[in-house]
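Enquirer: show me how the following folds:
(chains A and B)
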Number of protein chains: 2
Amino acid sequence: MALDDICSPRGEFNAIMMLPPPAPVPPVGAEGIMSTNTFSINNDHRLDLPTLDTPPRILLGAGPSNSHPRVFSAMIAPTVGYLDSAFIQVMDEVAELLRYAWQTDNEYTVVVSGTGTSAMEAAFANVVEPGDRVLVGVAGYFGRRMVDIAGRYGGDVRCIEAVWGEAFTLDEIRQAMEIHRPQVLAVVHAETSTGVRQPLDGLAGLCREHDCLLLVDTVTSLGGVPLYIDDWGIDVAYSGSQKCLSAPSGVAPLTFGPRAMAKINHRQTPIANFYMNAELLGKYWSGSPRGYHHTAPAHLFYAMREGLRLVAEEGLAERWLRHQSVAETFWAGLAEMGLTPHVALEYRLPSLTTVRVPAGVDAGAVARRLLNEYNVEISGGLGDLAGKVWRVGLMGYNARRENVAVLLRALAEVLGR
Amino acid sequence: MALDDICSPRGEFNAIMMLPPPAPVPPVGAEGIMSTNTFSINNDHRLDLPTLDTPPRILLGAGPSNSHPRVFSAMIAPTVGYLDSAFIQVMDEVAELLRYAWQTDNEYTVVVSGTGTSAMEAAFANVVEPGDRVLVGVAGYFGRRMVDIAGRYGGDVRCIEAVWGEAFTLDEIRQAMEIHRPQVLAVVHAETSTGVRQPLDGLAGLCREHDCLLLVDTVTSLGGVPLYIDDWGIDVAYSGSQKCLSAPSGVAPLTFGPRAMAKINHRQTPIANFYMNAELLGKYWSGSPRGYHHTAPAHLFYAMREGLRLVAEEGLAERWLRHQSVAETFWAGLAEMGLTPHVALEYRLPSLTTVRVPAGVDAGAVARRLLNEYNVEISGGLGDLAGKVWRVGLMGYNARRENVAVLLRALAEVLGR
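Expert: Alright, predicted model coming up:
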């Protein structure tokens, strides 16, 4: 959208521009006349604070999880400008390592400069045009959030719903596709609110039959759970930094495949978002020359590079195995205490386990004691599962046996089991 | 927007929900059957990278500027969850210190979890409804950006334009207000593309006469240039972290006064944005209990707290004086070299100086030599001033005499003056 397209006709402003120049106002402080007495300052909000001293939490909830120590070392490398060749190189490396982690050749693979929620918004804002039918699989909190966001961008949103803790079958999705004939099918691969891993087999074929994009939330799976963007035919995916990638929150991966790019490039309406605009972001990430769009949060890019570098060093298969193995250790420990995961084994995420709260136990009180007495954070249930489950994340750097040991022992002590 | 409002009628899904449960699919790796051979991994994008090693730049361009060293120490304090009481306290402290820096009592004073550009979008997305007339003062690149963003949210955008390097007079703005009768008047207090300080005197009265909101971009003024949100009657303002506040990019201040909140609370249409939604953000910042909205970038909040703590320690008046005094030293040095600032003294920002490129000098080549030979970054001109000026930022921690000395000496050597 060029400026001239939306400004009023120039004629009426020419008169204004012809006015005499502004009367000179002595600038505050110029010519040596300024002192602190020049200014009247309201000191009501001038807090006198000590040095920040946050507690050393072991973050085993739904996120954020702890970052690998190496990530913090990388994060405080010297600041460089957003178009410095040193920074362009960081961007290129982040994109390439993300392709590895996501198993995709997608050229359009970036991080957006916001949290996973902003990447969810970026996904919908760019591929949904007003009036597009968007079919959302809602089996938890983040499916609901997709419904909300798709609606804000004018999507004609339809839902298929599952009980929180269950996954959709391919047949269920096929039937809903036939009823609604959507332009976008959106599902959550790893539903952070329920701990369910939604199988994606067959969805790509279904979407191609219906000339529909497959949009997948991989916030709690990328880097921890088997996931193949290209082999599984996923057209749009996004994720977060602070779960299985072990980097701090504030930047979030986003990828568009060729079918998604075609839809974006042939939109009939402008993208109703500037900050998350795929076209403008794309010029910053791969334009020649790179075009200014925003001042990238350089230090979070550094952190993400290190988080992804750790993924590449470890290897994806080894990392997925580690998550699975550590989770199985945790589940075995739960069984010994008589505690039950909420999700059936075949759909259970290794990265996020929902644990049923035993009858008569105050879920919130247990979580508070773990936090206050052991510095261990776990999360409560959200939405339909509020009060009914705890949510335990064993993600990225935190997917280690020592964390399982701490949590099982602390939980046993607090529950008296 | 409740889920039930926008989902299709439930009846047709009940049939789907009654289908038999999904056939069990053996999960990858469960029951001890998984090994690294289970997975076929594409290693094409698996880079083997060295430790990050960015150059130690002195960032004297349009931003980012260098952060104070104490900001980096604070930034790597231990991660805590987004609803941890320790984090809620950080949020409260950041909000309160922002009120001091902005000289406002506005309850709605937050940082958004994105860069200054995202805060600009947050400002418009929340107060502009489709069809609202938005009058934008365009005297540089960021005025143009306001036009773009306001248009994406359905604003009926009108412009008043000034030559890049000049400010609007109150009379010019009054005349445009009378022609366009806008619901929102948007101006840039400190135009980063031109180095102009737009006087704001009288705009509040004008806006109240016209029942119009006054929306001001303070990205390059907050913490470096005299600015009084309440005394000047500013209804909406936003800023950035990485200019005069000396914190890394990635979070951005945003404040709404009572008149703006009234407009937001009486919107006829939903806010067409989720991540930057004032209502949802507000529940996270001050709800009781705080409501989950996104996983705040905790480490950038820590950094912002420290940046703002440094502002409170130094004192606003002292800080404004320091910026002015350091800039005057720089301007005197330019004069000795026969170089001329582009902006008249009465409208010249201390935080960002545009310096005219002498005839016959290749602006880009000079900037590249400063970067490559001295590690000093300055910026080139944008838009109408491309190739015609350099942009020199002396902001926050970087507004120090040693930086002026380095830059003047290096510039003299490169220019042979």
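Enquirer: now A:Ser241: how far from A:His189?
Expert: 17 Å (CB to CB, to the nearest Å). C-beta here means a position set from N, CA and C on the backbone, and glycine is covered the same way.
Enquirer: who has more neighbours, the two?
Expert: A:Ser241 (33 against 23; other CB atoms under 10 Å in any protein chain shown).
Enquirer: now that one, nearest residue through space, not along the chain?
Expert: Excluding the flanking residues, the one nearest A:Ser241 by CB to CB, 6 or more residues apart in numbering or on different chains is A:Ala247, at 4.2 Å.
Enquirer: helix or strand: which one has A:Trp320?
Expert: helix A:316-336 (DSSP states H and E).
Enquirer: where exactly do the helices run in chain A?
Expert: With DSSP state H, the ranges of helices along chain A come out as A:3-6, A:11-17, A:69-75, A:85-102, A:116-127, A:141-152, A:170-180, A:203-209, A:258-265, A:278-286, A:298-314, A:316-336, A:363-374, A:401-415.
Enquirer: packing partners of the longest one?
Expert: By that I understand helix A:316-336. strand A:352-356, helix A:401-415 (3 or more CB pairs under 8 Å, 6 or more residues apart in numbering or on different chains; DSSP states H and E).
Enquirer: and with 10 Å instead?
Expert: The criterion is 3 or more CB pairs under 10 Å, 6 or more residues apart in numbering or on different chains; DSSP states H and E, and the helices and strands that helix A:316-336 contacts are helix A:85-102, helix A:298-314, strand A:352-356, strand A:389-393, helix A:401-415.
Enquirer: nearest to chain B, of the ones you listed?
Expert: helix A:85-102 (3.8 Å; CB to the nearest CB).
Enquirer: do that closest one and chain B meet?
Expert: Yes - under the criterion of CB under 10 Å from any CB of the partner chain, chain B is reached by helix A:85-102 at A:85-87, A:89-90, A:92-102.
Enquirer: that helix vs helix A:298-314, what angle?
Expert: If you take axes from the mean of the first three to the mean of the last three CA atoms, to 10 degrees, helix A:85-102 sits at 40 degrees to helix A:298-314.
Enquirer: and helix A:85-102, C-alpha only, in PDB?
Expert: The C-alpha coordinates for helix A:85-102 follow below in PDB (Å, rounded to 0.1, in the frame of the first residue of the first chain):
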ATOM      1  CA  SER A  85      26.200  -8.300   8.000                       C
ATOM      2  CA  ALA A  86      27.000 -10.100  11.300                       C
ATOM      3  CA  PHE A  87      23.300 -10.100  12.100                       C
ATOM      4  CA  ILE A  88      22.200 -11.100   8.600                       C
ATOM      5  CA  GLN A  89      24.400 -14.100   9.100                       C
ATOM      6  CA  VAL A  90      22.700 -14.900  12.400                       C
ATOM      7  CA  MET A  91      19.300 -14.700  10.700                       C
ATOM      8  CA  ASP A  92      20.400 -17.000   7.900                       C
ATOM      9  CA  GLU A  93      21.800 -19.500  10.400                       C
ATOM     10  CA  VAL A  94      18.600 -19.400  12.500                       C
ATOM     11  CA  ALA A  95      16.500 -20.000   9.400                       C
ATOM     12  CA  GLU A  96      18.700 -22.900   8.200                       C
ATOM     13  CA  LEU A  97      18.800 -24.600  11.600                       C
ATOM     14  CA  LEU A  98      15.000 -24.200  11.900                       C
ATOM     15  CA  ARG A  99      14.700 -26.000   8.600                       C
ATOM     16  CA  TYR A 100      16.600 -28.900  10.100                       C
ATOM     17  CA  ALA A 101      14.600 -28.900  13.300                       C
ATOM     18  CA  TRP A 102      11.300 -28.800  11.400                       C
END
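Enquirer: give me the angle between that helix and helix B:363-374.
Expert: Using the same axes, to 10 degrees: helix A:85-102 against helix B:363-374 is 80 degrees.
Enquirer: what comes up buried for helix A:85-102?
Expert: A:86-88, A:90-91, A:93-102 (16 or more other CB atoms under 10 Å in any protein chain shown).
Enquirer: and that helix, what does it pack onto?
Expert: Checking 3+ CB pairs under 10 Å, 6+ apart, helix A:85-102 ends up next to strand A:108-112, strand A:252-256, helix A:278-286, helix A:298-314, helix A:316-336, helix B:363-374.
Enquirer: could you give the mean pLDDT of the longest one?
Expert: Per-residue pLDDT over helix A:316-336 has a mean of 98.
Enquirer: quick one: it to helix A:85-102, angle?
Expert: Using the same axes, to 10 degrees: helix A:316-336 against helix A:85-102 is 60 degrees.
Enquirer: same thing with the third one?
Expert: Angle of helix A:278-286 versus helix A:85-102, following the same axes, to 10 degrees, is 110 degrees.
Enquirer: report the mean per-residue pLDDT for helix A:278-286.
Expert: pLDDT averaged over helix A:278-286 gives 96.
Enquirer: ok, A:Cys244 - contacts?
Expert: A:63, A:65, A:101, A:190, A:218-225, A:227, A:307, A:311, A:319-320, A:323, A:350-352, A:393-399 (CB atoms under 10 Å, 6 or more residues apart in numbering or on different chains).
Enquirer: check A:Leu308 too.
Expert: A:Leu308 neighbours (CB under 10 Å, 6+ apart): A:71, A:93-101, A:111, A:223, A:241, A:245-247, A:253, B:47, B:49.
Enquirer: equivalent analysis for A:Gly333, please.
Expert: A:339, A:404-405, A:407-409, A:411-412.
Enquirer: buried subset of those as a ChimeraX selection?
Expert: Burial among those is assessed by 16+ other CB under 10 Å; the matching ChimeraX selection reads:
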select /A:339,404,407,408,411
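Enquirer: using a markdown table, lay out the contacts of A:Gly333 together with pLDDT.
Expert: Listed next are the contacts of A:Gly333 as a markdown table, based on pLDDT from 0 to 100:
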| residue | pLDDT |
| --- | --- |
| A:Leu339 | 98 |
| A:Val404 | 98 |
| A:Ala405 | 98 |
| A:Leu407 | 98 |
| A:Leu408 | 98 |
| A:Arg409 | 98 |
| A:Leu411 | 98 |
| A:Ala412 | 98 |
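Enquirer: filter the contacts of A:Gly333 by proximity to chain B?
Expert: Of these, not one also sits near chain B (CB under 10 Å from any CB).
Enquirer: list the contacts for the closest residue in space to A:Ala278 that isn't next to it in sequence?
Expert: In space, and not counting its chain neighbours, A:Ala278 is closest to A:Asn126: 4.2 Å by CB to CB, 6+ apart. By CB under 10 Å, 6+ apart, the contact list for A:Asn126 reads A:153, A:236, A:254, A:256, A:260-261, A:263-264, A:267, A:271-273, A:276-279, A:281.
Enquirer: angles on the backbone of the closest residue to A:Tyr284 other than its chain neighbours, please.
Expert: Closest residue in space to A:Tyr284, ignoring its immediate chain neighbours: A:His293 at 4.0 Å, by CB to CB, 6+ apart. The phi/psi pair for A:His293 (degrees, to the nearest 10) reads phi -130, psi -50.
Enquirer: now do the contacts for A:His293.
Expert: Contacts of A:His293 (CB under 10 Å, 6+ apart): A:82, A:113, A:274-275, A:277, A:279-285, A:287, B:115, B:117.
Enquirer: check A:Arg197 too.
Expert: A:167, A:188-191, A:220-221, A:225-227, A:343, A:346-352, B:27-28.
Enquirer: list buried residues within those residues.
Expert: A:167, A:188-191, A:220-221, A:225-227, A:343, A:347-352, B:27-28.
Enquirer: tally of neighbours for A:Arg208?
Expert: Around A:Arg208 there are 14 residues (other CB under 10 Å).
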